[in-house]
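# mind folding the following:
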Amino acid sequence: MSSMKVGDKVPDFTTLDDSGHPVSLSDFKGKSVVLYFYPKDDTSGCTKEACDFRDAFPRFGKTDAEVIGVSPDSVESHRKFKEKYELPFKLLADEGHKLADKFGVWKEKSMYGRQFMGIERTTVLIDPNGRVARIFPKVRVPGHVEEVETALRELDRK
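Numbering: from 1, shown residues only. Now for the predicted structure:
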C-alpha cells in the first residue's frame, strides 16, 4: 500500500465509471481533479458528502475542475446511487480497491469494536499537470466541500 504526498505525480489509472465506461486520469489532462474517496453508496455520511458536491457542482465548473467520487461499490450500485440523488459527476467503481490502495486510503478501521478494512474518507486535489496539490485526510463531511472550493481557488491563483 502506497501513500500519495503533495507534489507527487499521480500515476495514470483506468477503472469503470457508473455507466460501465472506462475512465482514466489522463482523460482530464489540463484540468484540476477533485478525487473524493468515500466508503459506501447510499449510506448517511456518503450521501451527505455526495449531495454537498452535487449542490456545489456549478461552482466547480467555474474553476474548470472535475469532481469524481470513488468507492469500492459496483458499477450498478453507483448507477442507482447517481440516479437516486441526481449526481452530475462520475462515480468510479473500485471493487478491488486498487485505486484506494494506490492513494493509501484503504485502511484498517474499527466500528462497534470490530476491525475491518475499508476506505478512509479522503479527498485528493490533483492539479492540471497531474500532481497532488492537496490532500484532505479523514474528511469530516460538514464544511468539507467549502474547504475544497477554497483550495481550488488557491490553486487557480498559482
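# from here on, contacts and neighbour counts on C-alpha atoms
Noted.
# can you give me phi and psi for Asp27?
phi -60, psi -20 (degrees, to the nearest 10).
# separation between it and Tyr112?
When C-alpha to C-alpha, to the nearest Å is the yardstick, Asp27 and Tyr112 sit 40 Å from each other.
# between the two, point out the one with more neighbours.
Between Asp27 and Tyr112, counted using other C-alpha atoms under 10 Å, Asp27 has the larger neighbour count: 10 against 5.
# from Arg134, how far off is the more buried one?
The value you get for Asp27 to Arg134, if C-alpha to C-alpha is used, is 20 Å.
# give me the pLDDT value at Arg121.
If you check Arg121, the pLDDT there is 94.
# for it, which non-adjacent residue is spatially closest?
Once flanking residues are discounted, Arg121 sits nearest to Tyr38: 4.9 Å by C-alpha to C-alpha, 6 or more residues apart in numbering.
# again with Arg131
Nearest residue to Arg131, sequence neighbours excluded (C-alpha to C-alpha, 6+ apart): Lys9, at 4.3 Å.
# residues in contact with that neighbour?
Gly130, Arg131, Val132 (C-alpha atoms under 8 Å, 6 or more residues apart in numbering).
# may I see those organised as a markdown table, with distance to Ile68 added?
Converted to a markdown table, the contacts of Lys9 look like this (distance: C-alpha to C-alpha, whole Å):
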| residue | distance to Ile68 |
| --- | --- |
| Gly130 | 15 |
| Arg131 | 16 |
| Val132 | 15 |
